[in-house]
Structure formats: C-alpha cells, structure tokens
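Visitor: what would the 3D arrangement of this be:
(2 chains)
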Protein chains: 2
Amino acid sequence: MNDLTQTPEMLIATMGARARAAAAQLSTASDAQKIDALRRAAQALRDQAPRIIAANARDMENAAANGLSPAMLDRLKLDEDRVLATAAGVDQVAILINPLGSVIDRQVRPNGMELSRVRVPLGVIGIIYESRPNVTADAAALCLRAGNAVILRGGSEAKESNRAIHAAMVEGIVAAGLPADAVQLVPTTDRAAVGALLKASEFIDLIVPRGGKSLVARVQEEARVPVLAHLDGINHSYVDGAADPDMAQKLVVNAKMRRTGICGATETVLIDKAYAEAPAIVKALLDAQCEVRGDEAVQAMDSRVTAASDEDWDTEYLEAIVSVRIVDGLDEALAHIAAHASHHTDAIITEDAERAERFLNAVDSAIVMWNASTQFADGGEFGLGAEIGISTGRLHARGPVALEGLTTYKWLVRGTGQTRP
Amino acid sequence: MNDLTQTPEMLIATMGARARAAAAQLSTASDAQKIDALRRAAQALRDQAPRIIAANARDMENAAANGLSPAMLDRLKLDEDRVLATAAGVDQVAILINPLGSVIDRQVRPNGMELSRVRVPLGVIGIIYESRPNVTADAAALCLRAGNAVILRGGSEAKESNRAIHAAMVEGIVAAGLPADAVQLVPTTDRAAVGALLKASEFIDLIVPRGGKSLVARVQEEARVPVLAHLDGINHSYVDGAADPDMAQKLVVNAKMRRTGICGATETVLIDKAYAEAPAIVKALLDAQCEVRGDEAVQAMDSRVTAASDEDWDTEYLEAIVSVRIVDGLDEALAHIAAHASHHTDAIITEDAERAERFLNAVDSAIVMWNASTQFADGGEFGLGAEIGISTGRLHARGPVALEGLTTYKWLVRGTGQTRP
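Guide: Residues are numbered from 1 along each chain as shown, chains lettered A, B, ... in the order given. Take a look at the predicted model:
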C-alpha cells in the first residue's frame, strides 16, 4: 500500500536506494544465476498468462472508455500469442553472449604492471515507456542480463498489465536467488514520479525513454540523469548515377514501404540527375500506394506526384508518404543529408565502390549503408538480440543498443609492488 | 572586436555554428594533415615563446594585484621552460596512435551484409578550465587529433596567456590547411558565457571541465550538454592480512605522499587487523611528515596520531593528511570502500591472489589495483599519452580519458542489394 503522504521524490529515493543495493548484489552474481532468473521469469510469464491477459482486459476496458485510438489500443492489447512472444523474448535474452567480464584491451606497462579494461554493469537503469506492456519484460530482461538493476515506469493505460508482468518477472528472479529489487516497477502512474526519476542522478545512471516523440522530448528536456534516446529517424536513400536499376527500385520500395511506422524507414529519396531510371522508381513507389511529394523534376515524372514543401525535407512521416528530390551528384546528396538528416540511418545505392566509400565516410549518422535497405536499422537484424533502443546521440552508445550499451568498464591494474617515481 | 549588444547565447551560437562547420571539415581530413597541424602549432608555440611569456607577465601582474594565492600564481605562471614543455606536449599528441577509422568489430550477417563499427570523431567539445594556460594547447591538441572542433573557455586570470597560446595554435592549424574555427577561444571571460556554453546542446557534444571542485560542481549542476568530469578522488589503499610488509609500507607511503595534491593520491588507508605490521606503516607515514588521523586502534599505535572524525572517511585532503582505520578483514574493507569511496581509484595490497581477485571484482571504481600505488591513476602512466581528464562517471568513458574517449563510432553496412523481409 502506498503512503499517501509520500512525495514522488521520497518514493524514487526509496526505490533508488533499493536499486543501488540490488545492483551491488547483481554485480557479483554469476551469469549462470542471471540466465536461470530469466528462464524462470519466462516460465512464470507463460504460467501466469491467464492472469496477465485478465489484467490486460481491465486496461483495455479503461482505455476504450477513455477513447484511446485504435492504434494505441492495438499496442496495449495482450492475447496468449503476445504473452508467449514476450516470454520467448525473455528466453532469447538468456541466450545472448554475456558482455560482462570481457576484456576490452590489455597491456603490460614497461614497469611490469598489467593493465586491462573489463566490462562491468552500468548500475541502475531507468526505463520510461508508454502503452506496450511487453517492454516491462523486455527491458527488465536486458538490464538484468547486463547485471543492472532497473526501475520501470510504464504508462498509466497499461498499469494492470505492467503489474501482472512485473510480478511474473520478480517471481523468476527471486526463485533464482537474486534480489526482488533488481526489477522494480514505480507503483504510481502520477506524472510527478517521472519528474523525480529524471532528476535522481544519485540513484540512476541512465534513463532510456521508449515511446512517442513527446515522451522522448520531455525526457531529454527535463532529465538531469544521462539519457539514451532517439528523437527522429529522417532517413535518406540516395540513388547514385551508377546504381543498378533493379536493385535501386527494389531497395527504395523496401526501405520506404516494408513497414512505414518504424524508425529505420526511409523518409526521403534523393536521386542523382545522372540516374536514367528515376521515373521507374517514382512509379514503383506510387504503385506501392505511397504518396510521393517531389521537387519540380519529380513532379514532371508522374501526374500523381504532389509538390514537396520546404518542410517535407525535415519530416519523419512514419506513414506511406515519401519526399523525392533530384540532386546533382554525390556532393549535393551529401549536402542535403548534412542539412536534413537526423543522424539515424542513411544509405547510398550505387555500383561505384569509390563513391560508396566516400558516402560511408562522409555521412555523419549512427548507421550508414551501401546497397542495403534502411529498414535493417534494428538490433535484432544487427545480431545484437533484443535492443533497448536505437540511440541518435553520440556519447556512450550509438545506433542499436543492446547488452553492451548497458555496461561500462573498469580498469584493473595488477602489479608486483610498483611505486610511481 | 566584440559587438557589445551581443548576448552570451548569441556569441556561443555563432561560435557553435562555426565549430560544427569546422568539425565537418575535420571529420574527413587526413590524419597526416592533423599531425602536420600539431607539429606546426608546437613550432609556433616555440617561436612565439617571448610573446606568450610577455602576455603571461600581464596576467601575473593583474593576478598579484587581485591577491591570488601563491599556489594559484604558480599555476598561472609561464616561463620559457613551461612554454617549451607545452609545445612538447603538443608534439607528443602528434605521435599518439590515431584512434579514427579503427574497426571496433565486424561481422557478416547470414544474409551477406557486412557490418562494422568504426571510430569517428565525437564532434564539438567544450573545455572549461581555470588558471593553467597550458590547457589551451593540451586540450586543443587532443581534440584536434581526434578530429573534433573545440571551444575553449579559460579563466579570466589567464586571459592574455590563453589568447597568445591560442593564436599560436591557430597559426599551426591554418598553416596545415585546416580551418581556424577548429580551435576557438571564447573571447569574453564573462561568466554568463559559461552558462550559455553549458546549455548549447545543439552545438556541443561534450563538455569537459578542468579545474577545482567548485567549477566542476557548477558545470555538473547547470549543464544540459553531457559532461565528462570527476569530482572527488577519495581513494583507498587496503593492506590485507597477507600483505608483504616491505611492499605494503613502500606502497602506502608512495600512494599517499609522492604528490599529495593529485586526484590519484590515497586519502584513506585501511589495514586488516590480521596484519601484524600496522604500527610500522603508521610510523612510516608520520615519519614522512604526514598527519595521521586514526580510529582508536590506530591512535594506540603512536602518540602522534590524532582522532579521525566521521567526516574524515569522506574527505579528499589533497595534502599531507591521511585517515587510517583497522578493519576486520576483506569484507569490512569492501563495505568501507562501498560506503566512502568516490569510485576513482582503490587498491589492495596482498600476496593472496584469491582475495586480490575478489577485491578487483567487487570494488566498483574506475580503477582498481592490486599491489600498485594509486598514484599511477594517470593517462600518461596508463600509456594513453596526454589525458583530457579522469572520469568518475560511468557512461562513455571511465577513468583516464584520452583520444579514444574523444571519439564515438558509426555502424557501416555494406550490402549487395539486401532488402528486409
């Protein structure tokens, strides 16, 4: 039961101190024990699926009464398949390669001291998320496997679902002999608790917001704790003059249309004026039911193309709309990308290796591709297993972030009595 | 000439936009060009030594008139030896191993896409520092070699010296064909400019404060830009029951007394009650002119020992004072360190390898040592060349930070037309 006189700051301080204590225990727990905890948590999720689905039904009922959009309702909904998929996700984290204890580098100094840098847990992670209740399990599993304690703060609309999933996770963790405080769920959906979490730099080492732009923007604005986040995915596919026409068409349509709502989707297609088959690409996009907003040259290619405004070049549509511009070669493409990209994922399509390497070198984005679909921008596709998020920041971790991004390192020095002269 | 109607925010925005443009140029400049720039800058420092020393004399005169302490005056002072040492430091950075372009890891996905993570410059670094004018050259050299633009904001007391050193650095940079804006010095010593710098997250990727605790604390409190800093070095040397007495005495005295003012100095000595030679260690510290503040057991060892208060266990003296406590074995030592250390550098002295490894594993500090002096906590001693600072934070870089800490990475994907299913 919550003490109603407790301020959000007091609540977070209490949870934070418990998380610090749990993190200290986790930092010396064996990997086998963490794997055992995840396996047991996955099994608890399966065993308690009926209870979790019943809790979700209550959330769904409230959400419908509160007029949530069909898209939001779909994100919130849990059925047996989704609970089993969530449990499978936890099992997946258990089979990832353990990042902890790995030696980043090692040297012996001239005086005989041996120095090594070894991966260790980051400490305490805060996750702030919206509607999707599976994040409760996904994020907890990743943080735990990397040896971190986690404080979860889910959305009010998923309150009951999150509690039920959290209870199953804790059951598995405790059964494996690890502290229940390793995974804590903020018990209130009071917005002030988010504010307290964002300022708790004494207790929290990293905040990861997972949700829409307004959530991420609020977190980045208010946080005093370091934040790992991405705001926009204004991604470009540049079709070079030396592109293979079949490949170019296939890649552009996939990059834009495979799933329009993910952050790796291409939003702007740049086409070299030297590329002869531009109209075929524009037609293929239109035929795939994509609205095309183009510059004058593109508008001239097909009557279905509408005029792009200045704003279009800075827009992350996340739907079946694309902006298309004809550019004067690689330099103009690079200048456009430098001016408009959000430093997420940008691609060149070309058979010219030299130009490709220039593009890979010059584009300052987390992911830069040559002859591949920007839709691959994903931790799973990169072989990292589940991802905690994709970072468009430059510090600590960039692009898809998984277990390694949830660790830090320490320097170990093994001497034989060396004193400093 | 400065426009007097310009606000600090306008000034920093102008400098920031120039720094971004310079950073873009630097990111594709060759390493040879950066090395050339550093060599020319070092030569310019040597050539302009008389002018730099004359500028410094004006600062020294003002500082003396303003009643700066002798210690501050010593930090500020430049003579020919110091200017030559500063130039040599810049030359040293030119011979460090280039971190840029190195491949962190590489894999080929089952679909044939090749993924690699490659080191690239961080972008724009802000350095906020006090009295020591050599930082103007040191920090600029490190940032430049790692491909970053830098905005320097030195202390008002070193204004003339910093301008003269900055002019020499820019001369070298421009002579090598790199943009002058790669190294900018904030032209005003108005404190509001620091505030604007700390909030300029659009233009600056990382702030490194170099100075006393009050500067670092202000930066950490106000910054909206990520900060790489260390606040305290409350470091421990733990003498285990199984320590070699000769080694223990030699290490403890070196760790505390070699230089008492550096952040790697030991501030608290913990001694296992099973260690028979504790009085000899206490005596050696006292004989080395160190004030010893001890618990009751330590006070009983020598009449010169005074009583340690609770506060002593949380104090970074940075002078010839040490706190000494007798503990009941490794576990109590670990508990004391967990409660009082500042996560900088802590050491165990023992011949028992098992206990040493337990200590190395359990202590959550940037640097953990076995049978070595904590005074080795230094980028130069770690083989990193010059250091930009020692970080006690957990994100991005921990412990001594040099060139690698001033870089980030990007993911390069080389495909052959792969689309995502």
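Visitor: chain B contacts on the stretch 1-150 of chain A?
Guide: A:Ala24, A:Ser27, A:Thr28, A:Gln107, A:Arg109, A:Met113, A:Leu115, A:Val120, A:Leu122, A:Gly123 (Cβ under 8 Å from any Cβ of the partner chain). Any C-beta I mention is one placed from the backbone N, CA and C, and that applies to glycine too.
Visitor: list the contacts of the third one.
Guide: The neighbourhood of A:Thr28, defined by Cβ atoms under 8 Å, 6 or more residues apart in numbering or on different chains, consists of B:Asn361, B:Ala362.
Visitor: which SS state does the residue of the stretch 151-300 of chain A found nearest chain B fall under?
Guide: With Cβ to the nearest Cβ as the measure, A:Asn254 is the residue of the stretch 151-300 of chain A nearest to chain B, at 3.7 Å. Recorded secondary structure, A:Asn254: helix (DSSP: H, G, I helix; E, B strand; the rest coil).
Visitor: pretty sure A:Ala347 contacts A:Phe376?
Guide: No: if you go by Cβ atoms under 8 Å, A:Ala347 and A:Phe376 don't touch, sitting 9.3 Å apart.
Visitor: where do the contact lists of these two overlap?
Guide: The contact lists of A:Ala347 and A:Phe376 share A:Met369, B:Val413, where a contact means Cβ under 8 Å, 6+ apart.
Visitor: who has more neighbours, those two?
Guide: Legend: neighbour count by other Cβ atoms under 10 Å in any protein chain shown for A:Ala347 and A:Phe376, higher for A:Ala347 (32 against 27).
Visitor: how about the more buried one, nearest residue that isn't a chain neighbour?
Guide: A:Met369 (3.8 Å; Cβ to Cβ, 6 or more residues apart in numbering or on different chains).
Visitor: A:Val252 versus that neighbour, what's the distance?
Guide: Using Cβ to Cβ, to the nearest Å, A:Met369 is found at 12 Å from A:Val252.
Visitor: quick one on the thing from earlier: from the residues of the stretch 1-150 of chain A next to chain B, keep the buried residues only.
Guide: Neighbour counting by 16 or more other Cβ atoms under 10 Å in any protein chain shown classes A:Ala24, A:Ser27, A:Arg109, A:Met113, A:Leu115, A:Val120, A:Leu122, A:Gly123 among the residues of the stretch 1-150 of chain A next to chain B as buried.
Visitor: would you turn those into TSV with pLDDT?
Guide: Shown next, in TSV, are these (pLDDT from 0 to 100):
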residue	pLDDT
A:Ala24	94
A:Ser27	90
A:Arg109	96
A:Met113	97
A:Leu115	97
A:Val120	97
A:Leu122	96
A:Gly123	96
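Visitor: just put these in JSON lines and tack on distance to A:Thr136 and secondary structure.
Guide: Putting these into JSON lines (distance: Cβ to Cβ, whole Å; DSSP: H, G, I helix; E, B strand; the rest coil) gives the following:
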{"residue": "A:Ala24", "distance to A:Thr136": "23", "secondary structure": "helix"}
{"residue": "A:Ser27", "distance to A:Thr136": "23", "secondary structure": "helix"}
{"residue": "A:Arg109", "distance to A:Thr136": "46", "secondary structure": "coil"}
{"residue": "A:Met113", "distance to A:Thr136": "45", "secondary structure": "coil"}
{"residue": "A:Leu115", "distance to A:Thr136": "40", "secondary structure": "strand"}
{"residue": "A:Val120", "distance to A:Thr136": "25", "secondary structure": "strand"}
{"residue": "A:Leu122", "distance to A:Thr136": "19", "secondary structure": "coil"}
{"residue": "A:Gly123", "distance to A:Thr136": "20", "secondary structure": "coil"}
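Visitor: dump those into JSON lines; add distance to B:Leu206 as well.
Guide: Listed next are these as JSON lines, based on distance: Cβ to Cβ, whole Å:
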{"residue": "A:Ala24", "distance to B:Leu206": "29"}
{"residue": "A:Ser27", "distance to B:Leu206": "27"}
{"residue": "A:Arg109", "distance to B:Leu206": "28"}
{"residue": "A:Met113", "distance to B:Leu206": "29"}
{"residue": "A:Leu115", "distance to B:Leu206": "24"}
{"residue": "A:Val120", "distance to B:Leu206": "22"}
{"residue": "A:Leu122", "distance to B:Leu206": "18"}
{"residue": "A:Gly123", "distance to B:Leu206": "20"}
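Visitor: how about the helices in the stretch 51-200 of chain A?
Guide: A:70-76, A:80-94, A:134-145, A:159-175, A:191-199 (DSSP state H, counting those that start in this stretch).
Visitor: next one: the stretch 201-350 of chain A
Guide: Under DSSP H, counting those that start in this stretch, the stretch 201-350 of chain A gives helices at A:213-222, A:245-257, A:278-287, A:296-299, A:329-340.
Visitor: and of these, who's closest to B:Ala248?
Guide: helix A:213-222 (48.8 Å; Cβ to Cβ).
Visitor: domain-wise, how is chain A divided?
Guide: Domains of chain A are assigned by automatic domain parsing as A:8-228+A:400-412, A:235-376.
Visitor: show residues contacting stretch A:178-188.
Guide: A:2, A:8, A:11-12, A:15, A:18-19, A:21-23, A:25-26, A:29, A:33-34, A:37, A:136, A:140, A:143-144, A:149-154, A:162-163, A:166, A:169-170, A:173-174, A:193, A:197.
Visitor: pull out the buried residues from the residues you listed.
Guide: Buried members of the contacts of stretch A:178-188, counted by 16+ other Cβ under 10 Å: A:8, A:11-12, A:15, A:18-19, A:22-23, A:26, A:29, A:34, A:37, A:136, A:140, A:143-144, A:149-154, A:162-163, A:166, A:169-170, A:173-174, A:193, A:197.
Visitor: which residues touch A:Ala196?
Guide: Contacts for A:Ala196 were tallied using Cβ under 8 Å, 6+ apart; they are A:Thr7, A:Pro8, A:Glu9, A:Leu11, A:Ile12.
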